[in-house]
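Engineer: let me see the structure of the following:
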Amino acid sequence: MAVQPNNNRIARFGVFELDLNTGELRKGGVKLRLQGQPVQVLTLLLERAGDVVTREELREKLWASDTFVDFDHSLNTAINKVREALGDSASSPRYVETLARRGYRFIAPVQAPVQASPAIGVAAEGAAAPFQPQPREAPPPAPTLHPDLEVPIPHRGLTRGLFALIQVMYLCFYLAALFRLREIQRIADSFLPLWAANTLAAAVMVTAGVGIPLRCYLLSAVGFDYQRLDEKFRRIFPFVLALDQLWAIAPFLLMEKIGLGAAFAASAGLLYLPFSERTLIRLAYLRPASPEKRLDGTNLTDSP
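Structural biologist: From the prediction side, this is the model:
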């Protein structure tokens, strides 16, 4: 009795696998919702893993010549959906790499069984050995530039970590000031009139009381990677700026212990911190509407 040929073609990469016949993408055995042109793009990239697939080739194979669509927009949308399904990014690609003005390349190792050939009268024995695309020597891609700041985009873990450390620092300032409020009152009384000293102590208490929930919100937002944090921070930045500028004079309350020079230096650093916070947020949370750029001046129009 003849054995039916095995028509399954499963491409495996990392925790993912794609059935090249049915277009079903799975992660750890769980089917993902990816269909249409995005899964066709992924299939073509997997079939030529390690090679550059140009934008023209993708247009010829997946978009009919008589179809009137915005090809660039459609392709960018398809690539973004592929990256979203794979948890990939244009700035630090693990699977799909963009080659500016050329096309795309699937860079992760791929293992796929070769389609089995039919056997007459006997069962097919053994399984075909999986193929492994040979890595090719290629120059490393130029670092991706931030679309607005024109600086290389650092790892998001670094920028988010630095932003979180700033929030922790301010929390320590507020708590220390509230626990030592009498000491602050005594220092203020030593060089200010009574009314001014009382006003300063009250300002410390009020701004610290407002600042604690603000820093807790920002710390939890960056800790849980809230994707709209950039939008929220831009809205509250004027208030954060005013609050931080007020606390930038705090080192002068310690002038008797640390000296005028150290107090001035610390105050200058604190004056810069709110702008540093804004830059860190912009680096960690890119706006999808702006195209990324590389150091060679080319754009990545398919940035996530």
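
Engineer: now the strands for the stretch 51-200 of the chain?
Structural biologist: Secondary structure of the stretch 51-200 of the chain by DSSP state E, counting those that start in this stretch: the strands cover 52-54, 96-99, 103-106, 144-145.

Engineer: wait, which of the ones you listed is closest to residue 196?
Structural biologist: With Cβ to Cβ as the measure, strand 144-145 is the member of the strands of the stretch 51-200 of the chain nearest residue 196 (48.9 Å). C-beta here means a position set from N, CA and C on the backbone, and glycine is covered the same way.

Engineer: what about that closest one, average pLDDT?
Structural biologist: On average, the pLDDT along strand 144-145 is 61.

Engineer: returning to that earlier point: okay, the strands of the stretch 51-200 of the chain in a markdown table with distance to residue 270 and mean neighbour count next?
Structural biologist: A markdown table is the format used below for those (distance: least, Cβ to Cβ, whole Å; neighbours: other Cβ atoms under 10 Å):
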| stretch | distance to residue 270 | mean neighbour count |
| --- | --- | --- |
| strand 52-54 | 49 | 17 |
| strand 96-99 | 40 | 20 |
| strand 103-106 | 45 | 22 |
| strand 144-145 | 29 | 22 |
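
Engineer: just send those back as TSV, with distance to residue 232 too.
Structural biologist: Formatted as TSV, these follow (distance: least, Cβ to Cβ, whole Å):
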stretch	distance to residue 232
strand 52-54	39
strand 96-99	29
strand 103-106	33
strand 144-145	25
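
Engineer: kindly report which one of these carries the lowest mean pLDDT.
Structural biologist: When the strands of the stretch 51-200 of the chain are compared by mean pLDDT, strand 144-145 comes last with a mean of 61.

Engineer: and for residue 186, the neighbour number?
Structural biologist: 12 (other Cβ atoms under 10 Å).

Engineer: correction: the previous question concerned residue 39.
Structural biologist: Residue 39 has 23 neighbours, counted by other Cβ under 10 Å.

Engineer: then residue 214?
Structural biologist: Residue 214 - counted by other Cβ under 10 Å - has 18 other residues nearby.

Engineer: which helices and strands sit right next to the one helix or strand residue 213 maps to?
Structural biologist: Residue 213 is part of helix 194-223 when elements are defined by DSSP states H and E. Contact here means 3 or more Cβ pairs under 8 Å, 6 or more residues apart in numbering; DSSP states H and E; on that basis helix 194-223 packs against helix 156-179, helix 181-191, helix 229-247.

Engineer: residues of the longest one that come out buried?
Structural biologist: Of the residues in helix 156-179, those buried by neighbour count under the rule 16 or more other Cβ atoms under 10 Å are 156, 159-160, 162-164, 166-167, 170-171, 173-174, 177.

Engineer: which stretches of this structure have low pLDDT?
Structural biologist: The chain contains residues with pLDDT under 70 at 1-8, 63-70, 112-151, 287-304.

Engineer: okay, now the domains of it?
Structural biologist: Under automatic domain parsing, the residue ranges defining each domain of the chain are 10-141, 156-284.

Engineer: got TSV for the helices and strands packed on helix 194-223, with distance to residue 221 too?
Structural biologist: TSV is the format used below for the helices and strands packed on helix 194-223 (distance: least, Cβ to Cβ, whole Å):
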stretch	distance to residue 221
helix 156-179	9
helix 181-191	29
helix 229-247	5
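
Engineer: out of these, which is closest to residue 280?
Structural biologist: helix 156-179 (4.4 Å).

Engineer: how far does that closest one sit from its chain's centre?
Structural biologist: Relative to its chain's centre, helix 156-179 lies at 21 Å (Cα atoms, centre = their mean, to the nearest Å).

Engineer: for residue 204, give me its contacts.
Structural biologist: When the contact criterion is Cβ atoms under 8 Å, 6 or more residues apart in numbering, the partners of residue 204 are 177, 181, 184.
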